[in-house]
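Participant: Sequence plus the predicted model coming up.
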Amino acid sequence: MTVIGLRLALLALLLAIWEIAGRLVNPLLGVPPSAVVPALRDLLLLRSYPDLPASILLTLREIGAAYALAVAAGLACGFMLGMHRLAGRAWGPMLAALYAVPAVVWYPSLMLFFGLDAASKIAFGFLLGFFPIALAVLAGIRQVNPQLVVVARAYGAGTVTVFRRVMLPAMLFTLVGGLRTGLALCVIGVVVGEILGSKAGMGALINHAYGLLRTADYVALVLVTLVMVVGSDVLASLLERRARRWTE
Amino acid sequence: MKVRALQLGTVIIALGSWELAARMGWVDPLFVPAPSAIVPALMRISGGALAGLADTLGKAAVAYVLSVVLGVSAGIAVGSVRLLREVLSPYVIALYGIPKILVLPWIVLLLGYGTTPAVFYGVLHGFFPIMVLVMGAVRDVDRTLVTVARSLGATTWQLYWKVLLPAIVPSVLGGMRLGVVFCLLGVLVVEMFAGVRGMGYVLGSYANGFQAPELFAATALVSAASITIVLALDHLNEKLSRWRG
């Protein structure tokens, strides 16, 4: 109880500091919370940016497409490398080495190749989401106790049964974690892509507000985007909890 | 042996089919140049690109040192005081998770173009993963060790120095391994978004100028540099953990 009270007190303190500091500095740079509220109202009533719903929809669609591709390719690649020992030992480290490159270095090439529209954002979101999913599948398969597989086989279980009854429960914990990380990174990839260069979507609106020094609108747009980001993670965590309950 | 051959074979086949696709005109060389066109481009750009890379790595190094120092000390401070940890951890996790790119425009407004926003944003990326890891490690230090040390009359200073610190070394190293990529990422993003120097700016300007061979060469250069750094850190990590026993 006291912990929650202290947390709220800290939040209030931070907001108060922000309010005071925001009033002191140049209004083009600092926006106190009291100025954000009307900006947020104007934004949500579609006064400042009438194309907000379309932008939200576009960004969500980009995220959806990127995540669908990342899940499909990540699972396929992870299982392929995990099931074949030699392939896993050869290509696993290569995958991990590519993961060590800060992914944003690929973005200019993707932008050149796919253009400024949604495709380059989807490609970048896919690129970010793919690696944690593929690597989680690989790690999950390593966690499966091979003796359990042998025993199940000896008792006459087919490939599908072995997968469903032995492997999946053993690796689900890691797999679902990877899927959740993958979603978070897909979201980040799409948002980063949009802010680094786009013509439509939330990132384009944010860049527009920033470029015109409409700082209050900018903060309001960031808050709306944050709600989308946090919302997607809450959704993922609910699914994660469900999946974990299923294994127990 | 077989593994190495397969790895080498993959790279050769990938480069070969890429070259073939470019030669046969299956991909537009304006957007995807052949590997044989990238090598001369690498020679062409090496002067400017190496200067840009040095600039980027310099900023990333400053950001990295700051991230490690601040992240480890904040992680120890917050992790070892229970009340502090319980109050702050949701905020720390939230700040770790949100896309930091959203505050980048504001950072650029505030700090301008140049080195400061790049270092600041790099620290923003590197600090949280290190702090979260160290915080967790401090929390999970065996309570028995602390109790025994206390009952044998260890001072607080000794407790931190002789019990806590050795116990969290693996997590600190893990955080350092993770943080380096994040710092580099942060610096590159700032340079792409609002840079006038550095590798991110170089990449962005080649993309805007449709100089695909130069862009691919520069991308390969940064990738190679970052893979080298991470592999070197891994190697160091392995040596250190062998030394710890």
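Facilitator: All right, it came through fine.

Participant: got the contact list for the residue nearest in space to the middle of chain B?
Facilitator: Chain B has B:Val181 as the residue nearest its centroid, 1.3 Å off, counting by CA atoms, centre = their mean. B:Val181 makes contacts with A:100-102, B:226, B:230, as judged by CB atoms under 8 Å, 6 or more residues apart in numbering or on different chains. Bear in mind the C-beta positions are built from the backbone N, C-alpha and C, glycine included.

Participant: 6 Å - rerun?
Facilitator: A:100, A:102 (CB atoms under 6 Å, 6 or more residues apart in numbering or on different chains).

Participant: what about it, distance to B:Gly200?
Facilitator: Distance, B:Val181 to B:Gly200, using CB to CB, to the nearest Å: 15 Å.

Participant: do the helix or strand that contains B:Thr56 and chain A meet?
Facilitator: Secondary structure assignment for B:Thr56, by DSSP states H and E: helix B:35-80. No. Judged by CB under 6 Å from any CB of the partner chain, helix B:35-80 stays clear of chain A, getting no closer than 9.2 Å.

Participant: next one: the following helix or strand past that helix to chain centre, how far?
Facilitator: Later in the chain than helix B:35-80, the nearest helix or strand by DSSP H and E is helix B:82-97. A distance of 22 Å separates the centroid of the chain from that of helix B:82-97, by CA atoms, centre = their mean, to the nearest Å.

Participant: touching chain A at all, helix B:82-97?
Facilitator: Yes. Against chain A, helix B:82-97 shows contacts by CB under 6 Å from any CB at B:86-87.

Participant: pLDDT weak spots in chain A?
Facilitator: A:1, A:247-248 (pLDDT under 70).

Participant: who in it is up against chain B?
Facilitator: A:3, A:6-7, A:29, A:89-90, A:97, A:100-102, A:104-105, A:108-109, A:111-113, A:188, A:191-192, A:195-196, A:210, A:222.

Participant: cutoff 7 Å now
Facilitator: Listed as neighbours of chain B in chain A under the rule CB under 7 Å from any CB of the partner chain: A:3, A:6-7, A:10, A:29, A:86, A:89-91, A:94, A:97, A:100-102, A:104-106, A:108-109, A:111-113, A:184, A:187-188, A:191-192, A:195-196, A:206, A:210, A:218, A:222, A:225-226, A:229, A:233.

Participant: For PyMOL, what selects the buried ones among these?
Facilitator: Restricted to buried positions by 16 or more other CB atoms under 10 Å in any protein chain shown, the PyMOL selection for the residues of chain A next to chain B reads:
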select buried, chain A and resi 7+90+91+100+101+102+104+105+106+108+109+111+112+113+184+187+188+191+192+195+196+206+210+218+222+225+229+233
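
Participant: Next one: B:Pro129 from A:Leu6, what distance?
Facilitator: Counting by CB to CB - B:Pro129 and A:Leu6 are separated by 25 Å.

Participant: How about A:Arg142?
Facilitator: On the measure of CB to CB, A:Arg142 and A:Leu6 end up 42 Å apart.

Participant: Spell out the residue ranges of the strands in chain B.
Facilitator: With DSSP state E as the definition, chain B shows no strands.

Participant: helix, strand or coil for the closest residue to B:Leu109 other than its chain neighbours?
Facilitator: Excluding its sequence neighbours, the residue lying closest to B:Leu109 (CB to CB, 6 or more residues apart in numbering or on different chains) is A:Leu29, at 5.6 Å. Secondary structure, DSSP: H, G, I helix; E, B strand; the rest coil: A:Leu29 is coil.

Participant: what sits against A:Leu29?
Facilitator: For A:Leu29, the contacting residues are A:215, B:109-110, by CB atoms under 7 Å, 6 or more residues apart in numbering or on different chains.

Participant: and if you look at B:Leu188?
Facilitator: Contacts of B:Leu188 by CB under 7 Å, 6+ apart are A:102, A:104-105, B:56, B:199-200.

Participant: With A:Thr59 instead?
Facilitator: Neighbours of A:Thr59 in contact, by CB under 7 Å, 6+ apart: A:190, A:194, A:201-202, A:228.

Participant: Can you name the residues of chain B that neighbour chain A?
Facilitator: So chain B meets chain A at B:2-3, B:6-7, B:10, B:31-32, B:86-87, B:90, B:97-99, B:101-102, B:104-105, B:109-110, B:181, B:184-185, B:188-189, B:192-193, B:203-204, B:206-207, B:210, B:212, B:215-216, B:219, B:222-223, B:226-227, B:230 (CB under 7 Å from any CB).

Participant: Neighbours of the closest residue to A:Ala100 other than its chain neighbours, how many?
Facilitator: In this structure, A:Ala100 finds its nearest non-sequential neighbour in B:Val230, 3.9 Å apart by CB to CB, 6+ apart. Neighbourhood size, B:Val230 [other CB atoms under 10 Å in any protein chain shown]: 20.

Participant: Going by secondary structure, the residue minimising distance to the centre of chain A is in what exactly?
Facilitator: Residue closest to the mean C-alpha point of chain A, counted by CA atoms, centre = their mean, is A:Ala184 at 1.8 Å. Element membership of A:Ala184, judged by DSSP H and E, is helix A:168-196.

Participant: Centre of the chain to that helix, how far?
Facilitator: 5 Å.

Participant: Show me which positions of the next helix or strand after it end up buried.
Facilitator: Next helix or strand after helix A:168-196 toward the C-terminus (DSSP H and E): helix A:202-211. Neighbour-count burial for helix A:202-211, counted by 16+ other CB under 10 Å, picks out A:202-207, A:209-210.

Participant: List buried residues within the contacts of A:Leu29.
Facilitator: Of the contacts of A:Leu29, these count as buried by 16+ other CB under 10 Å: A:215, B:109.

Participant: All the helices of the chain, in order from the start?
Facilitator: As the question left the chain open, I've gone with chain A. A:2-24, A:33-44, A:52-83, A:85-99, A:107-114, A:118-143, A:146-154, A:159-161, A:168-196, A:202-211, A:215-247 (DSSP state H).

Participant: The chain in question should be chain B.
Facilitator: So, for chain B - with DSSP H - the helices run B:2-23, B:35-80, B:82-97, B:104-111, B:115-139, B:143-151, B:156-158, B:165-194, B:198-208, B:212-244.
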